[in-house]
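Colleague: Give me a 3D structure for the following:
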Amino acid sequence: MKTDSIQRLLERYREGTLSDSELAELNRLTHRDEVMADAEQRASGILRRRRSVAFTMAGLLLAGAAVWTLLPRQEQSLVAEATTPEAVIAVPEPTVEQAVPAKPSTVTPTPVKTTARKADVRPATVVQPIEKAAEEPVVVCNNQCEADSVISDIWKFLTV
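Modeller: Residues are numbered from 1 along each chain as shown. Below you'll find the predicted structure:
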């Protein structure tokens, strides 16, 4: 009998001739309120889990970005190295000036002094650079230097 009444009420619902009292009877027989409450509870649980997963993923993404920006970068540090050029230095030959013969004039000529004597004149010599023992390059600074020592080391490097 219950099945027949549900079938009859559904047929009238489809036709659109169902009254309010018959609609209430159909809802009671089909347990519509319980079914809808259960469906809403399941849907809210699914939405709650989706939101929690989305917020967790967003939080992990933000935490990863924060860690990535706060980690120190591994950059190559600049190192200044003092090198001496190995050039050939030539000593200039001293010159001897000759005294100019005096012309008769009213001005008394002053004698010209010679800068070197004939015995002191040496031929130009080539000076070979002194070879230093293999040294490690001098590191001017790393990230733990004090400012004053860095400035003085740079000054020494530039004035050499």
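Colleague: Could you check the pLDDT of residue 63?
Modeller: If you check residue 63, the pLDDT there is 96.
Colleague: same check, this time on the one 10 residues further on
Modeller: Per-residue pLDDT puts residue 73 at 79.
Colleague: Kindly report the same for the one 3 residues further on.
Modeller: According to the predicted model, the pLDDT of residue 76 comes to 66.
Colleague: Please shift the residue numbers so they start at 43 in all later answers.
Modeller: Sure, I'll start numbering at 43, so the last one becomes residue 118.
Colleague: So in this protein, where's the weakest helix or strand by average pLDDT?
Modeller: strand 131-132 (a mean of 60; mean pLDDT, DSSP states H and E).
Colleague: What segments of this protein are helices?
Modeller: 44-57, 62-72, 74-112, 189-201 (DSSP state H).
Colleague: Save those as a markdown table, and put in mean neighbour count too.
Modeller: Heads up, the C-betas are built off the backbone N, CA and C, glycines and all. Output for the helices of the chain, formatted as a markdown table (neighbours: other C-beta atoms under 10 Å):
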| stretch | mean neighbour count |
| --- | --- |
| helix 44-57 | 11 |
| helix 62-72 | 13 |
| helix 74-112 | 10 |
| helix 189-201 | 11 |
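Colleague: And residue 92, how far from residue 48?
Modeller: From residue 92 across to residue 48, the span is 36 Å (C-beta to C-beta, to the nearest Å).
Colleague: in the chain, what spans have low per-residue confidence?
Modeller: The model of the chain has pLDDT under 70 over residues 43, 118-120, 122, 124, 126-187.
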